[in-house]
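1. have a look at this prediction, sequence included:
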Amino acid sequence: MTPRGLLVAAPRSGGGKTTIMLALLAALRRRGIAVRAAKSGPDYIDPAFHEAASGAPSPTLDSWSMPPSLLDRTLSQAASEAELLLVESAMGLFDGAGDTPGRRGSAADLAARYRLPVLLVLDVSGQSQSVAAVARGFASHDERVRIAGVVLNRVGSPRHHAGCAQALRDAGIALLGSVTRDPALALPERHLGLVQAREHGALPALLDALAGMAERDLDLGAILSQAAALPAATPPGPHRPALPPPGQRIAVADDAAFSFLYPHLVSGWRRAGAEIVPFSPLADQAPPETCDSCWLPGGYPELHAARLSAAHRFRDGLVRFAGTRPVHGECGGHMVLGAALIDASGDTHAMTGLLGHTTSFARRRLHLGYREATLQADTMLGAAGARLRGHEFHYASTTDPGADAPLAMLADAAGNDLGAAGGRRGLVSGSFFHVIASQEPS
């Protein structure tokens, strides 16, 4: 079986591509097709919905952060058990960063590298015939990127549909679906994007409704016919994980407060022989004593600050663990490693105090973008001087930086120096930086 692929994209965020992606995954899985998903660009939330719809993890494919060999291997692994791999774009199809062709982090990079045809989702609210001009612009913008066809989203009426459809026919662009406005199919949102899949109690019913919508409103046969054969599987060779495993048995916080951990990191650690041992700080569980390192992922600790502050077994156990074994926190995990966390109401909650900083969600400011980190000392993330690529995406502010030594020096995708970031003390380290991949040979 040669897996085939298709990329689901849009001109911008908020155009409905995640809804169409989930509808396709749910409908094709219902038909018995082995469909798998992946996500272009940094994102933790959408892939969890992909997994719920497809029944398999949805890895990140990021051309800016991932060295090409890792990118190829991750796509190959994602498609290894699939008849069809659907890749969802982040932001707009051509949106990216940096100036290295093919390594800008855009979904278009993936479409060009793997010859993935693009299913373009167009939100037509507020326009009609003009949709053809938008579609033609995307179709002609880059000769390496082929637009397979268009799905109209948020169509207001049969007359609205007819005007859009005729304009696309006149432009010679295939119309592969037309979805009317339906608030019942909307996914609830919060400050970092969608409400997490694990918190969406009605998700199975929603996926069932989306599958029904796809059967009714999308030309599934035509969409399947547009999928193209993916490149041959990456030949076997020495396994090089995106990030070397930070231990043989890694305790990983995993609950509604700590859920932002990339599947490709976990699978890389496991392939390298490491064991992942989950525990729940919200359930007042400490990292298991049988583990030799602890990873606190990002998530939403600001929504659970009082509960985490009162979780004494977790806090005391983590402090004890950190006395002899390394601990690292990313973003939300970094916030919990600090002295205190101020929630949206302005209330201060004591955290673990393993690092000296205080963070606040009361003074919200968006921090967003690709980052390259150069480590300033040996830590769980790698040796001093190692370069890592990833991103920041948070609204929290550091109101008191504390006096800990910095974890890394940061630069943005354009190479601009952003200064020191994070902190380290003893065996403990943390920062708002989310790592996607090491740039060092491993």
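-> In hand now; what should we look at? Numbers count the residues shown, from 1 in each chain.
2. pLDDT score for the residue positioned nearest the centre of the chain?
-> Nearest to the mean C-alpha position of the chain, by C-alpha atoms, centre = their mean, lies D43 at 1.8 Å. As predicted, D43 sits at a pLDDT of 86.
3. likewise F49?
-> Per-residue confidence (pLDDT) for F49: 91.
4. which strand or helix spans it?
-> Using DSSP states H and E, F49 sits within helix 45-54.
5. so which elements touch that helix?
-> Here helix 45-54 is seen to pack against helix 17-30, strand 35-40, strand 193-194, helix 203-217 when contacts are counted using 3 or more C-beta pairs under 8 Å, 6 or more residues apart in numbering; DSSP states H and E. Backbone N, C-alpha and C define where each C-beta goes, glycine included.
6. quick one: C331 and V435 touch, right?
-> No: here C331 lies out of contact with V435, judged by C-beta atoms under 8 Å, at a distance of 10.5 Å.
7. more neighbours, the two?
-> Comparing C331 with V435 by neighbour count (other C-beta atoms under 10 Å), the higher total belongs to C331, at 28 against 22.
8. how about low-confidence regions in the chain?
-> For the chain, the stretches flagged by pLDDT under 70 are 186-201, 233-239, 441-442.
9. can you give me the helices for it?
-> Using DSSP state H, the helices of the chain run over residues 17-30, 45-54, 68-79, 107-114, 130-141, 158-171, 203-217, 220-226, 263-271, 305-309, 312-322, 332-337.
10. most packed of those?
-> Each of the helices of the chain was assessed for mean neighbour count using mean count of other C-beta atoms under 10 Å. The highest is helix 332-337, with a mean of 30.
11. distance between that one and the chain's centre?
-> Once both centres are worked out by C-alpha atoms, centre = their mean, to the nearest Å, helix 332-337 turns out to sit 19 Å from its chain's centre.
12. other residues contacting it?
-> Outside of helix 332-337, the residues that reach it under the criterion C-beta atoms under 8 Å, 6 or more residues apart in numbering are 253, 257-258, 260, 281, 295-302, 308, 327, 329, 341, 351-352, 354-355, 359, 394, 396, 422, 428, 430-432.
13. what do you get if the cut-off is 7 Å, keeping everything else the same?
-> For helix 332-337, the external contacting residues (C-beta atoms under 7 Å, 6 or more residues apart in numbering) are 253, 257-258, 296-301, 308, 329, 341, 351-352, 354-355, 359, 396, 422, 428, 430-432.
14. can you check stretch 13-30 too?
-> If you take C-beta under 7 Å, 6+ apart as the criterion, stretch 13-30 is touched by 8-10, 35, 37, 46, 49-50, 53-55, 84, 86, 88-89, 91, 121, 123, 151, 153-154, 185, 187, 207, 210-211, 213-215, 218, 220.
15. please verify my assumption that the residue nearest to the centre of the chain contacts E88.
-> No: with contact defined as C-beta atoms under 7 Å, D43 does not count as touching E88 (8.5 Å).
16. could you dump the helices and strands packed on helix 45-54 to JSON lines with distance to S63?
-> Rendered in JSON lines, the data for these read as follows (distance: least, C-beta to C-beta, whole Å):
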{"stretch": "helix 17-30", "distance to S63": "18"}
{"stretch": "strand 35-40", "distance to S63": "8"}
{"stretch": "strand 193-194", "distance to S63": "21"}
{"stretch": "helix 203-217", "distance to S63": "29"}
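17. among the ones you listed, which comes closest to P241?
-> The stretch from the helices and strands packed on helix 45-54 with the least distance to P241 (C-beta to C-beta) is strand 35-40; that distance is 17.5 Å.
18. burial of A405, as a residue count?
-> 12.
19. without its sequence neighbours, what residue ends up closest to it?
-> Distances taken as C-beta to C-beta, 6 or more residues apart in numbering place R424 nearest to A405, at 5.3 Å, with adjacent residues excluded.
20. residues touching the one you found, list them.
-> R424 makes contact with A377, T379, D404, A405, L407, according to C-beta under 7 Å, 6+ apart.
21. which of these sit farthest apart?
-> Checking the contacts of R424 against each other with C-beta to C-beta, the farthest-apart pair comes out as T379 and D404, at 12.1 Å.
22. follow-up on the earlier one: where's the residue nearest to A405 relative to M335, distance?
-> Between R424 and M335 the computed distance is 16 Å (C-beta to C-beta, to the nearest Å).
23. do the same with L122
-> Going from L122 to M335 by C-beta to C-beta gives 38 Å.
24. and what of F260?
-> When distance is defined by C-beta to C-beta, F260 is 12 Å away from M335.
25. and G298, by the same measure?
-> The span separating G298 from M335 equals 9 Å under the rule C-beta to C-beta.
26. okay, and the common contacts of these two?
-> In terms of C-beta under 7 Å, 6+ apart, G298 and M335 are not both contacted by any residue.
27. so who does M351 touch?
-> S309, V336, L337, G338, A339, A340, L341.
28. redo that, cut-off 8 Å
-> By C-beta under 8 Å, 6+ apart, the residues touching M351 are L308, S309, R315, M335, V336, L337, G338, A339, A340, L341.
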